[in-house]
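Novice: The sequence and its predicted three-dimensional model are supplied below.
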Amino acid sequence: MRKTHIALIAGVIAAAVIALGIWQTTYLSYAATAAKAAAAPSGPTDTPCGTWAEQGTAAATAIVSTRTIRNCMQVGDDWVIATVGGSADSASIGVLPCHGNATCLGGQADPGAFGAWQWFKPGGFGGGATILDASGSLLLVDVSGHELTFNLAADITSGAATFATATGG
Amino acid sequence: MRRLATAAGVMALGGALALGGPAGLALAQSPAPNVTALDYRPGNLGGTATGIVVEGVGSGACAFTLASVKAATVHYIRKHKPTWTELSPQRGCATLARYKQMIHGIITYVRARVPGLAATWWAGFMLDEEPNFGFTASQVVSLNKYAASQAKALPGVTSVFAEDATWSGGWTQAQYNRIVAPVIAAPQVYNSFMVRIVNNAHRPSNLVTWTRTMPAPFNTRAGASGKIKGKPWSNSFGTGKTRRWSNRWRSQ
C-alpha cells in the first residue's frame, strides 16, 4: 500500500514536471514570437527617401553603383530599395534596418550612416525588381517578370541565402 | 533699346538650353493638375479618393484574381467614382494572349453590368508596363494597340493609359514613344531620367504618376508635374467640374 502511495505521488510529481515543461516551452516560444513580432516592421509609410536615393547623387551611386533606383520606401523599421538596370544576376532588393534609430527612420539622413545595405534575390531570381505593393512586412515585387512576395520580417533574418517563396511565375 | 531686349532674350534662351537642354525650357504642366487618382487593392472597396485605381497587379496566375478586379471595378463605377482598372502585365503571371483575353473579359463584364454608368465613370485600363516585366517592347506595343482598339469601340470616357517606366538600359526613347503612341501616357515620374523620356516624347498630354516615397521633388503632385511640360490629362467625368488629373502610386 505504501509502495502504491509512493508510486502515485511520484507519478503526480512527474506529470507536474512534464506539464510545467510543456507550459514553459509553449510560453517561451510564444514570448519569443511576440518579442520578434514587436521588433518586426509594422508596415509601409509615406516617409520620403532623402536625396541619398536621388538617382545620380554621390550617395545614391555609392548604394546602387550604375543601377537605377526603381523604388525607395520605408517599411516599418527598414529602408527598402528596388533596383533595375543591373546584370541578369543582380541581387535587386536592398534592405537597411534602422534598429529604431529615429534619425535613420526620418529619411533625410543617409541611412548608410546607421548600418549596411543587405541585398537579396527574391525567389532566387536575379535581375531588376519593382515593388508592386506592400502590406505589413510583406512586399509584392516583380523580379524579371516574376511576381513574388518577399517578407522583411522573415526572409532577411537568415541572411542573403534565404529567399521568399514565389507566389507566381 | 529693342536690340538690347532681343539680345537679353537670346541670352536667356541660351542660358536655359545650356542648363537643361531643350527639356530645360519646360516649366511645368500647365495648367497644373488639381485632382489625384489613388490606388486601392481589389479587396478594398472603401476607397474615397476623387479617382480610384483598382490595382489588379499581375492577376492571371499571380495576385490578384481577375474576378476580384472585375468586381471592384464595377463597385466603384456604381459609386460614381472615376475608375481605372490597373494591370501590371508580367510574363510570369500570364501570356500576352492571356492578357488580351483578360482585357476583353473585363470589358465584357463591365458592359454587361453597368453599361450606362461605365460610359461616364469608367476611365478604362491603366497598364503598368516596364522593361523588366518579361515582355518585349514590340509585345507591349501589340498589347496597347489591342487594348486601345477595344476601348475605342466603347461609348463615353473609357480609354487606355500606360503607367510606364523605363531607365538607363531599359526601353529607349524610340521604344517608349512607340509604346505610348496608341494610348494616353501615365508615366511614372520618379526621377530625372523619366523626366527626360516624357518631355522628349512630346505627348499631347500626360497623366503624371508620382509617389510620396521617392526623393523630392518627385514626392508631391506639384513637384512631379512641375517637371513635365505640356498639359495634364483632363476629364470632368460628367461632373461639370474642371478636373486635371495626376495619379499617385502607393502601397496599400
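Specialist: Cool, the structure landed.

Novice: ok, residue B:130 - contacts?
Specialist: For residue B:130, the contact set (C-beta atoms under 8 Å, 6 or more residues apart in numbering or on different chains) comprises A:84, A:130, A:142, B:88, B:164, B:165, B:166, B:170. No exception for glycine: its C-beta is placed from N, CA and C like everyone else's.

Novice: what sits against residue A:119?
Specialist: A:91, A:92, A:93, A:94, A:95, A:160.

Novice: Residue B:45 too?
Specialist: Residues in contact with residue B:45, defined by C-beta under 8 Å, 6+ apart, are B:72, B:75, B:76.

Novice: Inside strands: which ones of the contacts of residue B:130?
Specialist: Judged by DSSP state E, these include A:84, A:130, A:142 as members of strands.

Novice: what about the first one, how many neighbours?
Specialist: Other residues lying near residue A:84 total 27 when counted by other C-beta atoms under 10 Å in any protein chain shown.

Novice: what's the answer for the last one, then?
Specialist: Here the neighbour count serves as a burial measure; for residue A:142 (other C-beta under 10 Å) it reads 35.

Novice: I'd assumed residue B:131 was in contact with it.
Specialist: No. Because the distance of 11.1 Å does not satisfy C-beta atoms under 8 Å, residue A:142 is recorded as not touching residue B:131.

Novice: Could you report the distance from residue B:233 to residue B:225?
Specialist: Using C-beta to C-beta, to the nearest Å, residue B:233 is found at 11 Å from residue B:225.

Novice: try residue B:38
Specialist: Separation of residue B:38 from residue B:225 (C-beta to C-beta): 16 Å.

Novice: Backbone torsions only: list them for the residue most central in space within chain B.
Specialist: Centrality entry for chain B: nearest residue to the mean C-alpha point is residue B:186, 2.1 Å, by C-alpha atoms, centre = their mean. Note on residue B:186: its backbone torsions stand at phi -130, psi 60 [degrees, to the nearest 10].

Novice: So which helix or strand of chain A has the lowest pLDDT on average?
Specialist: Ranked by mean pLDDT, DSSP states H and E, the weakest helix or strand in chain A is helix A:2-39, scoring a mean of 41.

Novice: What helices and strands are in contact with the next helix-or-strand element following that one?
Specialist: As assigned by DSSP states H and E, the chain's next helix or strand after helix A:2-39 is helix A:58-64. Helix A:58-64 is packed against strand A:78-84, with contacts defined by 3 or more C-beta pairs under 8 Å, 6 or more residues apart in numbering or on different chains; DSSP states H and E.

Novice: what does chain B put close to chain A?
Specialist: Within chain B, the positions near chain A by C-beta under 8 Å from any C-beta of the partner chain are B:41, B:55, B:57-58, B:60-63, B:88, B:90-93, B:130-135, B:165, B:167-170, B:190-193, B:212-216, B:219, B:250-252.

Novice: what pLDDT does the spatially closest residue to residue B:212 that is not a sequence neighbour get?
Specialist: With C-beta to C-beta, 6 or more residues apart in numbering or on different chains as the criterion, residue B:212 has its nearest non-adjacent residue at 4.3 Å, and that residue is residue A:46. pLDDT, residue A:46: 96.

Novice: same question, residue B:215
Specialist: Model confidence at residue B:215, expressed as pLDDT, equals 98.

Novice: State the number of residues packed around residue 55.
Specialist: You didn't pick a chain, so chain A it is. Residue A:55 has 22 neighbours, counted by other C-beta under 10 Å.

Novice: right idea, wrong chain: chain B
Specialist: 29.

Novice: again, but for residue A:69
Specialist: By the measure other C-beta under 10 Å, the count of residues near residue A:69 is 25.

Novice: That one is in contact with residue B:193, isn't it?
Specialist: No. Look at residue A:69 against residue B:193 with C-beta under 8 Å: they stay out of range, at 10.3 Å.

Novice: Now the common contact residues for the two.
Specialist: Common contacts of residue A:69 and residue B:193 (C-beta under 8 Å, 6+ apart): residue A:55.

Novice: So which of the contacts of residue B:130 wins on neighbours?
Specialist: When neighbours are counted by other C-beta under 10 Å, residue A:142 leads the contacts of residue B:130 with 35 neighbours.

Novice: Leaving out sequence neighbours, find the closest residue to that one.
Specialist: Nearest one to residue A:142, counting by C-beta to C-beta, 6+ apart, is residue A:130 at 4.6 Å.

Novice: One more: residue A:90?
Specialist: Computed as C-beta to C-beta, 6+ apart, the closest residue to residue A:90 that is not its neighbour in sequence is residue A:126, at 5.4 Å.

Novice: Now name the helix or strand holding residue 139.
Specialist: With no chain named, the answer covers chain A. Using DSSP H and E, residue A:139 maps to strand A:138-143.

Novice: Switch to chain B, please.
Specialist: Using DSSP H and E, residue B:139 sits within helix B:137-152.

Novice: Next secondary structure after that helix?
Specialist: Later in the chain than helix B:137-152, the nearest helix or strand by DSSP H and E is strand B:159-162.

Novice: Name the strands paired with that following strand and say parallel or antiparallel.
Specialist: Strand B:159-162 pairs in its sheet with strand B:122-127 (parallel), strand B:184-185 (parallel), by DSSP bridges.

Novice: Ok, which of the ones you listed comes nearest residue B:102?
Specialist: Closest to residue B:102 of the strands paired with strand B:159-162, according to C-beta to C-beta: strand B:122-127, at 9.9 Å.

Novice: what about that closest one, average pLDDT?
Specialist: The average pLDDT within strand B:122-127 is 98.

Novice: and the direction of it versus that of helix B:137-152, what angle?
Specialist: Going by axes from the mean of the first three to the mean of the last three C-alpha atoms, to 10 degrees, strand B:122-127 is angled at 170 degrees with respect to helix B:137-152.

Novice: Off-centre distance for strand B:122-127?
Specialist: In terms of C-alpha atoms, centre = their mean, to the nearest Å, the centre of strand B:122-127 is found 9 Å from the chain centre.

Novice: Alright, that wraps it up for me.
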